[in-house]
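[1] Need the 3D shape of this:
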Amino acid sequence: MNINTAYFAGGCFWCMTKPFDTFDGIEKVTSGYMGGHTENPTYEEVKTGTTGHLETVKIEYDVALFSYHKLLEIFFSVINPLDEGGQFQDRGSQYQTAIFYSNKDQKKSAEEYIEKLQDSLNADKAIATRILPASTFYEAEAYHQDFYKKNPERYAKEQQDRANYYK
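    Next comes the predicted model:
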């Protein structure tokens, strides 16, 4: 296997795990934090929006079975890339969207994808999803991992709330 890593911030990491976790070629999806200025942040700190971190998922995938482009497609299918204030009912800087790239190929792919998406949206607003260099990834507490599996009813409610947010 040739395992690579991708990092995406798409609002609450509870809602970002399952869309990636269900495909062959995805080896592991981990909830955590990236992009801030506090070392070893806790959920209690990050949720205040004062640490500079974004709730992020770390995706380990087999490049022979799964492309980075496919990861971008999945990511953009589950977020609102025009929302700069968070995602759906999750508001605040810690819930903003970002692609954290680990190498120049990921950066280029993300830039090209966003450019094409912006052109296709024909929207008055620019895409708010930022492309940032990956930094230290801090794994979230154990109770945040595999949330959709451990708490199916609460996860379903989160998904319903997301679906109803812009109605």
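[2] So for the closest residue to Glu84 other than its chain neighbours, what's the pLDDT?
    The shortest distance from Glu84 to any non-neighbouring residue, by Cβ to Cβ, 6 or more residues apart in numbering, is to Ala128 (3.8 Å). Yep, even glycine has a C-beta here, placed from its N, CA and C like the rest. Here, the pLDDT recorded for Ala128 equals 96.
[3] what does Ile114 give?
    97.
[4] where in the protein is pLDDT low?
    Applying pLDDT under 70 to the chain flags the ranges 165-167.
[5] quick revisit: could you count how many residues lie near the residue nearest to Glu84?
    Applying other Cβ atoms under 10 Å, we find 16 residues neighbouring Ala128.
[6] Any idea how far apart the tips of stretch 142-158 sit?
    Length of stretch 142-158, first residue to last, Cα to Cα, to the nearest Å: 19 Å.
[7] I would like the residues contacting that stretch, please.
    12-15, 17-18, 21, 30-31, 43, 139 (Cβ atoms under 8 Å, 6 or more residues apart in numbering).
[8] ChimeraX command for the buried members of these?
    Only the buried entries of the contacts of stretch 142-158 go into this ChimeraX selection, using 16 or more other Cβ atoms under 10 Å:
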select :12,13,14,15,17,18,21,30,31,43
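[9] Secondary structure and distance to Ser93 for the contacts of stretch 142-158 - can I get that in JSON lines?
    Listed next are those as JSON lines, based on DSSP: H, G, I helix; E, B strand; the rest coil; distance: Cβ to Cβ, whole Å:
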{"residue": "Cys12", "secondary structure": "coil", "distance to Ser93": "13"}
{"residue": "Phe13", "secondary structure": "helix", "distance to Ser93": "15"}
{"residue": "Trp14", "secondary structure": "helix", "distance to Ser93": "18"}
{"residue": "Cys15", "secondary structure": "helix", "distance to Ser93": "17"}
{"residue": "Thr17", "secondary structure": "helix", "distance to Ser93": "21"}
{"residue": "Lys18", "secondary structure": "helix", "distance to Ser93": "24"}
{"residue": "Asp21", "secondary structure": "helix", "distance to Ser93": "26"}
{"residue": "Thr30", "secondary structure": "strand", "distance to Ser93": "21"}
{"residue": "Ser31", "secondary structure": "strand", "distance to Ser93": "18"}
{"residue": "Tyr43", "secondary structure": "helix", "distance to Ser93": "15"}
{"residue": "Glu139", "secondary structure": "strand", "distance to Ser93": "20"}
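[10] Alright, that wraps it up for me.
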